[in-house]
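Visitor: return a 3D structure for these sequence lines:
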Amino acid sequence: MSFASQNFSPEIVKALTECGYEKLTPVQQKAIPLARRGHDILANAQTGTGKTAAFALPIVQNILDKPKSSNRHQARAVILAPTRELAAQIAQNIQDYTKYTELKTVAIYGGAKMSSQEKALENGVDILVATPGRLIEHLELKNVSLVNLEFLVFDEADRMLDMGFISAIEKIMSGVTTKPQTMLFSATFSTQMNTLAGQILRQPKRIAISRENVTAETVAHVVYPVEQERKRELLSELIGRKNWKQVLVFVNYKETANELVKELKLDGIKAVLCHGDKAQSARRRALDEFKEGKARVMIATDVAARGLDIQNLPHVVNFDMPFLAEDYVHRIGRTGRAGQKGHAVSFVNREEELTLQQVETLIGQRIYRKELEGYEPKNRDALLDKMHSKSAFKNRKSRMNNPSDSNQGEAERRSRLYRMIRAKNK
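Guide: Residues are numbered from 1 along each chain as shown. Below you'll find the model as predicted:
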């Protein structure tokens, strides 16, 4: 099924062709016709499925079909995203889609100057892409108004809830007096997510592209058991021995990222950084260098786990296993996108065996383990036998997508702890 068959304007089809878009992905096939007819949408779609075009293209076409003169400080469509990287990427995609039209798309997020964003909003915009916190700042300063809002999208809604944006979302919604067409896209669903969907959607059409928390079939997974202090050496060894040209490496701590970049450079491997201590401009430069091949490796914390769109990225490495098993899915979602082959590599020390077990349970498959000669961990088999013999290990569960009333309190406690850790380390 082609984009031309969806009755998009010639200007949009031309732009999509230049972007290399040929056939609709499954989420696009299901969402675009429903969105074009004005339905609210509740979609379960993983990263890398083409969901940005699924919600953006119907909005673009509907705005083109009903042109209106711009009103000062007003936005016709608002797309909310949890991170600045994702907001910037969505805005760039929409600008690519609309390059042959007069539509104005603006992105606002933290880490960028308020004054330049205020100027961009002054004469009104067609499509506004924003992080929740920065949108609230501009609303309070009356730099933007939602009084005539026609379209509202929540992208990566599960991550917004994980990051504690529920109060910000509620505050934004309290200022929306119209009844905009609303679309909510999420990779996972929890009790809190279902409650939010019930509050903001009106008779939504449900779309499920794949079961929750699965990884792309095009991604090959492998685990290297290794002692923590040997991980850096192993990374350099694999990059050099296998001649990896483009590697996205995830760590849990910004301090680890800083140290790892220095160590890799000593090994003659150019690496760049992407974490919360870096200014937005520095992170953008790092991403550009990585995409252009000027840097072989990019070291990132989970601030970049969603929102990075790197075409044909071949390798993602979990230098540290993530705090939550669900984040494994989001991290490796950077590779194997849109049908391309990808390679997900994880370094696992003895203390991370539990997380690995939770990841395997979550994605429904056992990950191939490969020990590299010279990097074998000590007494690993004995440790695994000991862990599996303990009832606490057998009964331990990862965060549940639909917790019952009996375990809701525990789920909320773990979620709060997770956000505290994320805030501290980013």
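Visitor: per-domain residue ranges of the chain.
Guide: Using automatic domain parsing, the domains assigned to the chain come out as 4-208, 219-397.
Visitor: would you turn these into a markdown table with mean neighbour count and mean pLDDT?
Guide: Any C-beta I mention is one placed from the backbone N, CA and C, and that applies to glycine too. Below are those laid out as a markdown table (neighbours: other Cβ atoms under 10 Å; pLDDT from 0 to 100):
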| stretch | mean neighbour count | mean pLDDT |
| --- | --- | --- |
| domain 4-208 | 19 | 91 |
| domain 219-397 | 18 | 83 |
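Visitor: output the host helix or strand of residue 87 as CSV, restricted to C-alpha atoms.
Guide: Per DSSP states H and E: residue 87 is located in helix 84-97. Presented in CSV, the C-alpha positions along helix 84-97 are these (Å, rounded to 0.1, in the frame of the first residue of the first chain):
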residue,chain,number,x,y,z
ARG,A,84,13.7,17.0,24.0
GLU,A,85,15.4,14.6,21.5
LEU,A,86,12.1,13.0,20.6
ALA,A,87,10.4,16.4,20.3
ALA,A,88,13.2,17.7,18.0
GLN,A,89,13.1,14.5,15.9
ILE,A,90,9.3,14.6,15.5
ALA,A,91,9.4,18.3,14.5
GLN,A,92,12.2,17.6,11.9
ASN,A,93,10.2,14.7,10.4
ILE,A,94,7.1,16.9,10.0
GLN,A,95,9.2,19.7,8.5
ASP,A,96,10.5,17.1,6.0
TYR,A,97,6.9,16.0,5.2
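Visitor: can you name every helix or strand that that helix contacts?
Guide: helix 10-18, helix 51-65, strand 105-108, strand 125-130, helix 280-291 (3 or more Cβ pairs under 8 Å, 6 or more residues apart in numbering; DSSP states H and E).
Visitor: what's the angle from the longest one to helix 10-18?
Guide: Going back to what we said before, that points to helix 51-65. Relative orientation of helix 51-65 versus helix 10-18 (axes from the mean of the first three to the mean of the last three Cα atoms, to 10 degrees): 160 degrees.
Visitor: what bridges to residue 272?
Guide: residue 298 (DSSP bridges).
Visitor: surely it meets residue 293?
Guide: No - judged on Cβ atoms under 8 Å, residue 272 makes no contact with residue 293 at a distance of 11.7 Å.
Visitor: span of stretch 15-29 from start to end?
Guide: 19 Å (Cα to Cα, to the nearest Å).
Visitor: what's it in contact with?
Guide: 1-3, 6, 8, 32, 43, 45, 49-51, 53-54, 57, 96-100, 207, 209, 338 (Cβ atoms under 8 Å, 6 or more residues apart in numbering).
Visitor: all the strands of the stretch 151-300 of the chain, residue numbers only.
Guide: 151-154, 181-186, 205-208, 219-225, 247-250, 271-274, 297-300 (DSSP state E, counting those that start in this stretch).
Visitor: can you lay out those as JSON lines showing distance to residue 198?
Guide: Listed next are the strands of the stretch 151-300 of the chain as JSON lines, based on distance: least, Cβ to Cβ, whole Å:
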{"stretch": "strand 151-154", "distance to residue 198": "13"}
{"stretch": "strand 181-186", "distance to residue 198": "11"}
{"stretch": "strand 205-208", "distance to residue 198": "12"}
{"stretch": "strand 219-225", "distance to residue 198": "33"}
{"stretch": "strand 247-250", "distance to residue 198": "34"}
{"stretch": "strand 271-274", "distance to residue 198": "36"}
{"stretch": "strand 297-300", "distance to residue 198": "34"}
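Visitor: and residue 257, which of the ones you listed is closest to it?
Guide: strand 297-300 (4.5 Å; Cβ to Cβ).
Visitor: CA atoms of the closest one as PDB?
Guide: Output in PDB follows, covering the C-alpha atoms of strand 297-300 (Å, rounded to 0.1, in the frame of the first residue of the first chain):
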ATOM      1  CA  VAL A 297      30.700   5.500  19.000                       C
ATOM      2  CA  MET A 298      28.000   7.500  20.900                       C
ATOM      3  CA  ILE A 299      27.700   6.900  24.600                       C
ATOM      4  CA  ALA A 300      24.300   7.700  26.000                       C
END
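Visitor: who are the packing partners of that strand?
Guide: strand 247-250, helix 254-266, strand 271-274, helix 280-291.
Visitor: helix or strand right after it?
Guide: strand 315-318.
Visitor: by contact count, what packs against that next one?
Guide: strand 247-250, helix 326-332, strand 342-348.
Visitor: and those: which comes nearest residue 363?
Guide: helix 326-332 (6.8 Å).
Visitor: how far out from the middle of the chain is that closest one?
Guide: 9 Å (Cα atoms, centre = their mean, to the nearest Å).
Visitor: stretch 40-53 too?
Guide: 11 Å.
Visitor: end-to-end on it?
Guide: 16 Å.
Visitor: what of stretch 106-121?
Guide: OK, stretch 106-121 end separation, Cα to Cα: 8 Å.
Visitor: which residues sit against that stretch?
Guide: 73, 75, 83-84, 87-88, 90-91, 125, 127-131, 133-135, 137-138, 141, 143-144, 279-280, 283.
Visitor: can you list the helices and strands packed on helix 84-97 in a markdown table and add distance to residue 376?
Guide: Output for those, formatted as a markdown table (distance: least, Cβ to Cβ, whole Å):
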| stretch | distance to residue 376 |
| --- | --- |
| helix 10-18 | 50 |
| helix 51-65 | 41 |
| strand 105-108 | 47 |
| strand 125-130 | 47 |
| helix 280-291 | 31 |
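Visitor: using the three-state scheme, assign the closest residue to residue 279 other than its chain neighbours.
Guide: In space, not counting the residues next to it along the chain, residue 279 is nearest to residue 111; the distance is 6.3 Å by Cβ to Cβ, 6 or more residues apart in numbering. Of the three states, residue 111 takes coil under DSSP: H, G, I helix; E, B strand; the rest coil.
Visitor: residues touching stretch 86-99, excluding its own?
Guide: Counting by Cβ under 8 Å, 6+ apart, 11-12, 15-16, 18-19, 52-53, 56-57, 60, 79, 81, 105-109, 127, 129-131, 155-156, 284, 306-309 sit against stretch 86-99.
Visitor: and residue 143, what is it in contact with?
Guide: Counted by Cβ under 8 Å, 6+ apart, residue 143 has contacts 73, 117-118, 121-122.
Visitor: if you set the cut-off to 6 Å instead, what comes out?
Guide: 118, 121 (Cβ atoms under 6 Å, 6 or more residues apart in numbering).
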